[in-house]
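**Student:** Build me a structure from this.
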Amino acid sequence: MTDQNKKPITKAVIPAAGLGTRFLPATKATPKEMLPVVDRPAIQYVVEEAVRAGLEDVLMITGRNKRALEDHFDRVPTLEKQLNDQGKDKLLQSVVDTNDLGELHYVRQGDPKGLGHAVLRGKIHVGNEPFAVLLGDDLIDEKEDLLSQMVEVQQKTGGSVVALMEVPNDQISAYGCAAIETVEGEDFFKVTELVEKPKAEEAPSNYAVIGRYVLSPKVFEVLENTPPGRGDEIQLTDALQTLAAGTGEGDGVYGVVFKGRRFDTGDKLSYLKANIILAAEREDLGEPLRAWLQDFVADQA
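**Tutor:** Numbers count the residues shown, from 1 in each chain. This is a model prediction of the structure:
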């Protein structure tokens, strides 16, 4: 492994250019990433996860009508002054905290050519160093350290790392799918094959790729030469398959199996569950919400 591959990972790319059609009409004028999970927009959870893992240089890949993302992480002096004058210290702190999460940068994707294309738009900012990719639809429980584990595996192997989760066979067609083999003495796996959204009967396993990646910078070179695949889009999965089959510097793909709690905030039911579960665990909301839920469920019986 070269010294370049041993550099600490400090950069994260968050693709956030999607239209959020599954949540229309709510997302007609509001970015899907700004839909609240309890009292924070979904995108804030993702940025906070990156920062907790030491990735304080965050690049968001945005699109038209996504200005609200930039505004959310920017200062609002008049609001801060009003909260301060009213003595609303906790609310003020919650607002100020969003300004200090890290160094946030923004670039537009332009043409919606798929996840692989969105990641490629980060090439100039990332440069020749490993980096993380966090998809905004995947909300990982704050108590989990998945991303930190993945960073450690990347630094150990010099390749790329994907997060995997076992799903029922009848759901695998909604995900990228990985075939894996054990690595002696390690708790991570070597990925031998990756397929984007295979039919259940053709899937090489029931290990789904979820929205966390830590990638070798070689992925940029591969993406530049990856033709459009499924959906006529440049698929990150296809580029990772190329890296998995390679044997050179920066090649190789490894998997960390995640068994913790995850919410798909791009799915309506999972989004609702995220709001209810996370609110039920809050000190300020949990007790009355749990009591109401018990009464509500009893009434439905």
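**Student:** now the strands: where do they sit in the stretch 151-300 of the chain?
**Tutor:** 160-166, 176-182, 189-196, 207-215, 253-257, 262-264 (DSSP state E, counting those that start in this stretch).
**Student:** Could you dump those into JSON lines and include mean pLDDT, mean neighbour count and distance to Val46?
**Tutor:** For glycine as for every other residue, the C-beta is placed from the backbone atoms N, C-alpha and C. Formatted as JSON lines, these follow (pLDDT from 0 to 100; neighbours: other Cβ atoms under 10 Å; distance: least, Cβ to Cβ, whole Å):
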{"stretch": "strand 160-166", "mean pLDDT": "94", "mean neighbour count": "24", "distance to Val46": "13"}
{"stretch": "strand 176-182", "mean pLDDT": "90", "mean neighbour count": "19", "distance to Val46": "19"}
{"stretch": "strand 189-196", "mean pLDDT": "90", "mean neighbour count": "20", "distance to Val46": "22"}
{"stretch": "strand 207-215", "mean pLDDT": "94", "mean neighbour count": "25", "distance to Val46": "9"}
{"stretch": "strand 253-257", "mean pLDDT": "94", "mean neighbour count": "23", "distance to Val46": "18"}
{"stretch": "strand 262-264", "mean pLDDT": "92", "mean neighbour count": "20", "distance to Val46": "11"}
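**Student:** which one of those strands lies closest to Ile277?
**Tutor:** Ile277 lies closest, by Cβ to Cβ, to one member of those: strand 262-264, at 7.9 Å.
**Student:** Nearest to Glu224, out of the strands of the stretch 151-300 of the chain?
**Tutor:** strand 207-215 (14.0 Å).
**Student:** With only the CA atoms kept, save that closest one in PDB.
**Tutor:** Output of strand 207-215 as PDB, limited to C-alpha atoms (Å, rounded to 0.1, in the frame of the first residue of the first chain):
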ATOM      1  CA  TYR A 207     -26.300  -9.400   1.100                       C
ATOM      2  CA  ALA A 208     -27.500  -6.000   0.000                       C
ATOM      3  CA  VAL A 209     -25.300  -3.000  -0.400                       C
ATOM      4  CA  ILE A 210     -26.600  -0.100   1.700                       C
ATOM      5  CA  GLY A 211     -25.800   3.500   1.400                       C
ATOM      6  CA  ARG A 212     -22.300   3.700   3.000                       C
ATOM      7  CA  TYR A 213     -19.100   3.400   1.000                       C
ATOM      8  CA  VAL A 214     -15.400   4.200   1.700                       C
ATOM      9  CA  LEU A 215     -13.700   4.300  -1.600                       C
END
